[in-house]
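K.L.:
Prediction below, plus the sequence it came from.
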Amino acid sequence: MMSGQRERLEADVLIVGAGPAGLACALHLANLIKKHNEAAGSAGAQRSAENIYVLEKGREIGAHQLSGAIMNPKALAELVPDFAETAPLDTPVTDDAALFFTPGASVRFPITPPPFKNKGNYVVSLSRLTKWLGGLVEKAGVNLFTQFGGAQLIYEREGIAGVITEDKGVDKNGKPKDNYTPGYELRAKVTVLAEGARGSLTKQLVEKKQLDNINPQIYSIGIKELWDVQPGRIQTGYVAHTLGWPVPTDMYGGGWIYGLANNRVSIGLVIGLEYADSQFDPHEAFQRWKTHPFVKKILEGGKLVRYGAKTIPAGGWYSMPRNYVDGGLIIGDSGSFLDSQRLKGIHMAIKSGMQAAEAILEALKADNTSAAKLSIFQKKVEDSYIKKELRLVRNFHQSFQYGLFGGLFHAGMQFLSGGRGLIDPMRVRPGYQHYHKNGHPPRERFKGDGKLTFDRLTDVYHSGTRHEEDQPGHLIVRDLNVCANQCTVEYGNPCQYFCPAAVYEPVEEQDGFKLKISAANCVHCKTCDIADPYQIIDWVVPEGGGGPNYEGM
């Protein structure tokens, strides 16, 4: 970031990220403040929701929100009791199935396994849901700022005291343009990091303050498309999850098919980012998955509407960082609040945001925002259904380091023993440490047929992604020589395969081999930051407003 005079603003609470966790925190805190003021009366100390700031790096609320998504409604019912009449819920789940794919056939499990049962849940668009929540937050008097990203933490005492937002109007060489505006210095008594999976500020804080749990965080990547399909191809509210082809049995992964209203279908593939083949291509695997007869029959004659990709924190309870420091809390996906077995995080994100709000109000009333005081947040988590749900699946994703069938065996043992299984805790390494050094020549890239299957650039077009071209790159590779030389020999440049947006491309130029980085394609999934074998790629926030537009996703 450039130096210079920055405008300084102060708030009681600063929330970085307007996903379900951040918005739930803001809305619940505003509601609690209203109740506090009513109870205190005119003679008591009054507080204001206007002293809550929420930052959203997207061009509007919901623009960067992506999920499958099936939502357990119990947390939303606590936050907004009349949600069933007011929230943009697409459809309740009417039928669920678990399928095993071979290359040419599908076998439906005779009994749907408990993790795949979704009766009572809703199929939703997370983008629309957060846009609706954002409206409630603004109506409650909270200050919500779109197109502002948290670029740098302000450290104070043993914790944090706010953030500095990204500079605007800087060219690709780091020089100020005519519209240059320095970032704001936003200070707060409590700063809440709700950035989603692999949040850039959360990553810094966890490393600096050594907040890691006994396991490192591990991740999956979810790749999704929305389609409009021919009438009668899928029942509204039908939910199917698939195992097997085309995911190799030594890997973790599976697909989903969700029937939405108005002949629209959400499809996607989730792949665990701890595989050995450095040239495995999750995007290609997803495109091949669509050619399976079961999926193809649904999609044929339909039209691709939207595309997106996002990483998912899969480590669970044993990967949850310490979620409190002096002046700060970590919530939602940033804090590992996700059930890796059911792939459900929306209700936990909302609940963690609400619990954070309750802890924050107690800290503000006591004029004490130390880590010791804010640790009540962790106690609230442990006293709620969050702990119960996460403890039941605390070793689930880790089990698949033994392959699909080994993972299913361990998962069965865990189900019978309340989450313990045969090994507890089951330890894991970071995903990037699983690559085998192979030195294979580059693989031919998947092109697609343009009707059912697509190349990456076509899909990126359907993500609505755009960035200001003349700005500093937000994908920082600390040593490009490693990419051009060592990585080429040892791993065959896995970035060109694991990136679902065609950002990284090795090219041969007159002065030698180089890694071309097309940052304008980036859909902000953070896979490169997670899966790079040398951990020399840092994803940082681009100029506010840049990135995908996940309308309806």
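P.N.:
Done, it's in.
K.L.:
Lowest mean pLDDT among the helices and strands, pick that one out for the protein.
P.N.:
Using mean pLDDT, DSSP states H and E, the weakest-scoring helix or strand in the chain turns out to be strand 512-517, at a mean of 88.
K.L.:
For that strand, buried residues please.
P.N.:
515, 517 (16 or more other CB atoms under 10 Å). (Each C-beta comes from the backbone N, C-alpha and C, glycine too.)
K.L.:
same thing with stretch 244-264?
P.N.:
Neighbour-count burial for stretch 244-264 flags 244-247, 251-260, 263-264 (criterion: 16+ other CB under 10 Å).
K.L.:
And for stretch 302-311?
P.N.:
Buried, per 16+ other CB under 10 Å, within stretch 302-311: 302, 304, 306, 307, 308, 309, 310, 311.
K.L.:
okay, the residues you listed in TSV with distance to residue 418 and secondary structure next?
P.N.:
Output for the buried residues of stretch 302-311, formatted as TSV (distance: CB to CB, whole Å; DSSP: H, G, I helix; E, B strand; the rest coil):
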residue	distance to residue 418	secondary structure
302	43	coil
304	43	strand
306	39	strand
307	39	strand
308	36	strand
309	34	strand
310	30	strand
311	29	strand
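K.L.:
Can you tell me how far the most centrally placed residue in the chain is from residue 273?
P.N.:
Centroid-nearest residue in the chain: residue 197, 3.9 Å away (criterion: CA atoms, centre = their mean). Here residue 197 is placed at a distance of 11 Å from residue 273 (CB to CB, to the nearest Å).
K.L.:
Could you do residue 183 as well?
P.N.:
For residue 183, the distance to residue 273 equals 31 Å [CB to CB].
K.L.:
Show me the shaky parts of the protein.
P.N.:
Low-confidence segments of the chain, defined by pLDDT under 70: 1-4, 439-440.
K.L.:
The same query, at a cut-off of 90, please.
P.N.:
The model of the chain has pLDDT under 90 over residues 1-5, 40-46, 68, 112-116, 157, 343, 438-446, 485, 508-514, 544.
K.L.:
need the contact list for the residue located most distally from the centre of it.
P.N.:
Most distant from the centre of the chain: residue 43, at 44.2 Å, with distances by CA atoms, centre = their mean. The contact partners of residue 43, taken as CB atoms under 8 Å, 6 or more residues apart in numbering, number zero.
K.L.:
in a strand, that's where it is, yeah?
P.N.:
No - assignment of residue 43 by DSSP: H, G, I helix; E, B strand; the rest coil gives coil, placing it outside any strand.
K.L.:
Give me the distance between it and residue 9.
P.N.:
30 Å.
K.L.:
which residues touch the residue nearest to residue 399 when sequence neighbours are not counted?
P.N.:
Closest residue to residue 399 apart from its sequence neighbours, by CB to CB, 6 or more residues apart in numbering: residue 410 at 3.6 Å. Applying CB under 8 Å, 6+ apart to residue 410 gives the contacts 395, 399, 402, 421, 422, 423, 426.
K.L.:
could you pull out the strands for the stretch 251-400 of the chain?
P.N.:
Using DSSP state E, counting those that start in this stretch, the strands of the stretch 251-400 of the chain run over residues 253-259, 264-272, 303-313, 324-325, 328-330.
K.L.:
actually the stretch 51-200 of the chain, not the one I typed
P.N.:
52-56, 70-71, 89-92, 95-101, 106-108, 122-124, 143-146, 150-156, 159-165, 168-170, 176-181, 185-193.
K.L.:
Only alpha carbons, please: show the first one as PDB.
P.N.:
Written as PDB, here are the backbone C-alpha positions of strand 52-56 (Å, rounded to 0.1, in the frame of the first residue of the first chain):
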ATOM      1  CA  ILE A  52     -21.200  -0.500  13.600                       C
ATOM      2  CA  TYR A  53     -19.300  -0.500  10.300                       C
ATOM      3  CA  VAL A  54     -19.400  -3.400   7.800                       C
ATOM      4  CA  LEU A  55     -17.000  -3.600   4.900                       C
ATOM      5  CA  GLU A  56     -17.800  -5.500   1.700                       C
END
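K.L.:
can you put the strands of the stretch 251-400 of the chain in a markdown table and add distance to residue 149?
P.N.:
Shown next, in a markdown table, are the strands of the stretch 251-400 of the chain (distance: least, CB to CB, whole Å):
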| stretch | distance to residue 149 |
| --- | --- |
| strand 253-259 | 30 |
| strand 264-272 | 26 |
| strand 303-313 | 17 |
| strand 324-325 | 21 |
| strand 328-330 | 17 |
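K.L.:
do you know which of those strands lies nearest residue 120?
P.N.:
strand 253-259 (15.2 Å; CB to CB).
K.L.:
neighbouring strands for the closest one, and are they parallel or not?
P.N.:
Using DSSP bridges, the strands paired with strand 253-259 are strand 238-244 (antiparallel), strand 264-272 (antiparallel).
K.L.:
With distance to residue 524 as new columns, can those strands be given to me in CSV?
P.N.:
Converted to CSV, the strands paired with strand 253-259 look like this (distance: least, CB to CB, whole Å):
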stretch, distance to residue 524
strand 238-244, 25
strand 264-272, 17
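K.L.:
Of all the ones you listed, which one comes closest to residue 336?
P.N.:
Closest among these, once you apply CB to CB, is strand 264-272, at 15.3 Å.
K.L.:
and the angle from the closest one to strand 303-313?
P.N.:
For strand 264-272 against strand 303-313, the angle by axes from the mean of the first three to the mean of the last three CA atoms, to 10 degrees is 30 degrees.
K.L.:
Could you measure from residue 160 over to residue 531?
P.N.:
Residue 160 is 27 Å from residue 531, where distance means CB to CB.
K.L.:
host element of residue 453?
P.N.:
For residue 453, there is no helix or strand it lies in under DSSP states H and E.
K.L.:
can you tell me which residues contact it?
P.N.:
Residues in contact with residue 453 (CB under 8 Å, 6+ apart) are 287, 288, 290, 291, 446.
K.L.:
that older thread, which one of the strands of the stretch 51-200 of the chain is the most hemmed in?
P.N.:
Neighbour counts (mean count of other CB atoms under 10 Å) averaged over each of those peak at strand 52-56, with a mean of 27.
K.L.:
by contact count, what packs against it?
P.N.:
Where contact means 3 or more CB pairs under 8 Å, 6 or more residues apart in numbering; DSSP states H and E, strand 52-56 is packed against strand 8-16, helix 20-40, strand 143-146, strand 185-193.
K.L.:
tilt between it and strand 150-156?
P.N.:
Going by the same axes, to 10 degrees, strand 52-56 is angled at 140 degrees with respect to strand 150-156.
K.L.:
List the pairing partners of strand 52-56 within its sheet, with orientation.
P.N.:
By DSSP bridges, strand 52-56 pairs with strand 8-16 (parallel), strand 143-146 (parallel).
K.L.:
I'd like to know how many residues surround residue 416.
P.N.:
10 (other CB atoms under 10 Å).
K.L.:
So what does it have for phi and psi?
P.N.:
Backbone torsions for residue 416, taken as degrees, to the nearest 10, come to phi -70, psi -20.
K.L.:
So which of the contacts of residue 410 wins on neighbours?
P.N.:
residue 395 (29 neighbours).
K.L.:
what's near enough to touch that one?
P.N.:
318, 410, 414, 419, 420, 421, 423, 424, 425, 426.
K.L.:
and if we set it to 10 Å?
P.N.:
215, 316-318, 340-341, 410-411, 413-414, 417, 419-428 (CB atoms under 10 Å, 6 or more residues apart in numbering).
K.L.:
Tell me the buried residues within the residues you listed.
P.N.:
Applying 16+ other CB under 10 Å to the contacts of residue 395 flags 215, 316-318, 340-341, 410-411, 413-414, 419-421, 426, 428 as buried.
K.L.:
Out of those, which sit inside helices?
P.N.:
410, 411, 413, 414 (DSSP state H).
K.L.:
Quick check: closest non-adjacent residue to the third one.
P.N.:
Same thing as residue 413. Of all residues not flanking residue 413 in the chain, residue 421 sits nearest, at 4.6 Å (CB to CB, 6+ apart).
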